[in-house]
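1. Model the structure of this input:
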Amino acid sequence: MRAMLLTIAFLVEVAMLVAAGWWGFTLDAGLAVRLLAGLGAPLLIAVVWGIFCSPRARVRLAPPAKYAVQAACFLAAGVLLALAGHPLLAVGLVALWAVDRALLSHGGHPA
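-> So this is what the prediction gives:
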């Protein structure tokens with residue numbers, strides 16, 4: 001069960017980055033702005049995630065703080081996805097992360 005939950009966690013993390021990129025590439029702006037936003041938004045989220053949330057994070061946070069950073073990343077991606085015209089997908093992405101995170105935490109094995 002834990003392996004399945006970790007797989008889901010990885011997949012929703014990838015979806016989070018895709019959502020941020022989708023927003024940027026679908027902006028009603030010039031090509032340069034779309035490229036900057038489409039590549040920059042997921043890159044910014046990935047950098048924050050890598051520094052605070054990855055298994056090899058440079059900054060080790062206590063679990064509550066780590067989960068808060070994760071939630072902020074997912075909420076940001078959800079807002080961007082909603083702004084790109086997909087509010088239901090945005091809610092689904094954030095909800096799936098929250099349920100998966102809760103199930104992983106409930107098992108007593110923080111990721």
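2. per-residue pLDDT, the residue lying farthest from the centre of the chain?
-> Computed with Cα atoms, centre = their mean, the residue of the chain farthest from its C-alpha average is Gly30, at 25.9 Å. Gly30 carries a pLDDT value of 97.
3. Same check on Pro64?
-> pLDDT at Pro64 comes out at 94.
4. Over to the one 4 residues further on?
-> Among the per-residue scores, Ala68 holds a pLDDT of 97.
5. how many other residues sit next to it?
-> Ala68 has 13 neighbours, counted by other Cβ atoms under 10 Å. C-beta: built from backbone N, CA, C; applies to glycine.
6. ok, now how distant is it from Phe52?
-> According to Cβ to Cβ, to the nearest Å, Ala68 stands 9 Å off from Phe52.
7. Let me know the next secondary structure element after the lengthiest helix in the chain.
-> Criterion DSSP state H: the longest helix present in the chain is helix 2-25. Next helix or strand after helix 2-25 toward the C-terminus (DSSP states H and E): helix 31-52.
8. so what does that following helix touch, helix or strand wise?
-> Helix 31-52 is packed against helix 2-25, helix 63-83, with contacts defined by 3 or more Cβ pairs under 8 Å, 6 or more residues apart in numbering; DSSP states H and E.
9. and it, C-alpha only, in CSV?
-> C-alpha atoms of helix 31-52 as CSV (Å, rounded to 0.1, in the frame of the first residue of the first chain):
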residue,chain,number,x,y,z
LEU,A,31,5.6,34.1,-27.1
ALA,A,32,8.5,35.4,-25.0
VAL,A,33,6.1,35.9,-22.0
ARG,A,34,4.5,32.5,-22.5
LEU,A,35,7.9,30.8,-22.6
LEU,A,36,9.1,32.6,-19.6
ALA,A,37,6.0,31.8,-17.6
GLY,A,38,5.6,28.3,-18.9
LEU,A,39,9.1,27.4,-18.0
GLY,A,40,9.6,29.7,-15.1
ALA,A,41,6.6,28.8,-13.0
PRO,A,42,7.3,25.1,-12.8
LEU,A,43,11.0,25.8,-12.3
LEU,A,44,10.3,28.0,-9.4
ILE,A,45,8.1,25.4,-7.8
ALA,A,46,10.6,22.7,-8.5
VAL,A,47,13.4,24.8,-6.8
VAL,A,48,11.3,25.4,-3.7
TRP,A,49,10.3,21.7,-3.6
GLY,A,50,13.9,20.6,-4.0
ILE,A,51,15.2,22.9,-1.3
PHE,A,52,12.6,22.1,1.3
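10. Done for today, thanks.
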